[in-house]
Every structure is written in C-alpha cells, then in structure tokens.
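Okay, sequence plus prediction incoming.
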Amino acid sequence: LTDKYFIQHTKYGRLYKTGDLGFLTKEYGICIKGRSDRQIKKGGFRIELDDVRSALEKSFKGFNITCAATGETNNKRLIAYIEIKSLLQVNYMLIENIEGDIIFKKPYELLCELLPSYMLPDFFMALEDFPLNKNNKIDYLRLPDVKQLLSQTKTNQLATLEQKKMANLWAVALDLSVEQ
C-alpha cells in the first residue's frame, strides 16, 4: 500500500484510511456512521455501487438509470432507479457477438451477463424525475426507500390504464409476464 492510503494522526500515529466514516466515543470506542464512497457490503460481498451503475447504463442504454443501497447493515438491498420519461426508449439492444453477428438482447439479460448475481438489483423503481441537489447531481439521500415501494405495492392488481402501460413496459424490459 502506498502512503496516500495513510494519514499521520498526532495522538494515534499512522492510521490507514479505510473509507469508513466514524468518530471516537467518550469511552474511546469507534462508532461507524457509514462510508465516504459508494461501497456497500451485501451478503458478505463488497460491492461498488458505481460498478453496478455502470453495468446498468451499459445494459439499459439510453435510459436515465442509477442505483442505491438501502436497508440495515445485515440486510442491504440494491435498488435500480429509472426515470419514467426514459422508459419510452427502445427495449432491445443491438450487440455484436464474437462471430460478428448482430443479435438482439433484452437489457436485463445483458445486465445478468455483466454482473454476478449478488450485484444484481433487488428492485427496479420508476421515478418521474431523479431528485437533484443544488449542483444538479442526483441526490441519493432523497431517493425513495424500498419500504415506500413495498408499502405502495401490497396489491397485485393494476387499477389505471397508466399503471397497466407502465407494467407492460417493465415486463418487456425485464422479460417478465404481467398479471392484468
């Protein structure tokens, strides 16, 4: 490891920068508050959320899509967020295989080829627009939590025509069947 991963502390000497955010308690214990980067631990695996986002962008080309993690430390869930207005894009991607043949791939199938199963999103959530901060970047703290998603989808019935259209768009993109 190089010196850029270490800091010199006046009281504790040379310390390794782990990327964890925390503070010392009055009893000189360490309380961890989170991470300074977008890395999470899920099911014993360390996952860089930017790697998942990159794979999502490759798979769902042309879609405005991102991801975030939610849940307790031992029960993390990955959520992929997609802007509704970008759902009107093409649901199939043209890719070239090793032999040079052009073939069609559905975005979710392509995502499954790019990521191991533990890095696949647990949920896909459609939003009208991504919440933005004052610098016009995605405000990850204001993205809806999976608990909101689960509480709103207790029923399997689709009531409005818009809900049915949205469900059909997702079904095509994710290669699922939709119960009408």
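Yep, that arrived.

Nearest residue to the middle of this structure?
Central residue of the chain (C-alpha atoms, centre = their mean): residue 67, 2.1 Å from the mean position.

Is that residue within a helix or a strand, and which one?
Secondary structure assignment for residue 67, by DSSP states H and E: strand 65-70.

Neighbours of residue 108, how many?
Close neighbours of residue 108, defined as other C-beta atoms under 10 Å, add up to 20. (Each C-beta comes from the backbone N, C-alpha and C, glycine too.)

So it belongs to a strand, correct?
No - secondary structure assignment (DSSP: H, G, I helix; E, B strand; the rest coil) places residue 108 in helix, not in a strand.

Quick check: the gap between the closest residue to it other than its chain neighbours and residue 123.
Distances taken as C-beta to C-beta, 6 or more residues apart in numbering place residue 174 nearest to residue 108, at 4.7 Å, with adjacent residues excluded. For residue 174, the distance to residue 123 equals 11 Å [C-beta to C-beta, to the nearest Å].

circling back: what's the pLDDT at the residue nearest to the centre of the chain?
Per-residue confidence (pLDDT) for residue 67: 91.

From residue 27, how far out is it?
37 Å.

show me what contacts residue 84?
By C-beta atoms under 8 Å, 6 or more residues apart in numbering, the residues touching residue 84 are 126, 127, 128, 166.

Identify the bridge partners of residue 127.
Counting by DSSP bridges, residue 127 forms beta bridges with residue 83.

how far away is it from residue 70?
Counting by C-beta to C-beta, the gap from residue 127 to residue 70 is 14 Å.

neighbour-wise, which of these two wins?
Ranked by neighbour count (other C-beta under 10 Å), residue 127 and residue 70 place residue 70 first, with 19 against 15.

tell me the strands in the protein, going along the chain?
Assigned by DSSP state E, the chain shows strands spanning 6-9, 13-16, 20-24, 30-35, 39-42, 45-48, 65-70, 77-83, 93-96, 102-105, 123-127.

how about those strands in JSON lines, adding distance to residue 137?
Below are the strands of the chain laid out as JSON lines (distance: least, C-beta to C-beta, whole Å):
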{"stretch": "strand 6-9", "distance to residue 137": "27"}
{"stretch": "strand 13-16", "distance to residue 137": "29"}
{"stretch": "strand 20-24", "distance to residue 137": "19"}
{"stretch": "strand 30-35", "distance to residue 137": "18"}
{"stretch": "strand 39-42", "distance to residue 137": "18"}
{"stretch": "strand 45-48", "distance to residue 137": "18"}
{"stretch": "strand 65-70", "distance to residue 137": "10"}
{"stretch": "strand 77-83", "distance to residue 137": "14"}
{"stretch": "strand 93-96", "distance to residue 137": "26"}
{"stretch": "strand 102-105", "distance to residue 137": "30"}
{"stretch": "strand 123-127", "distance to residue 137": "15"}
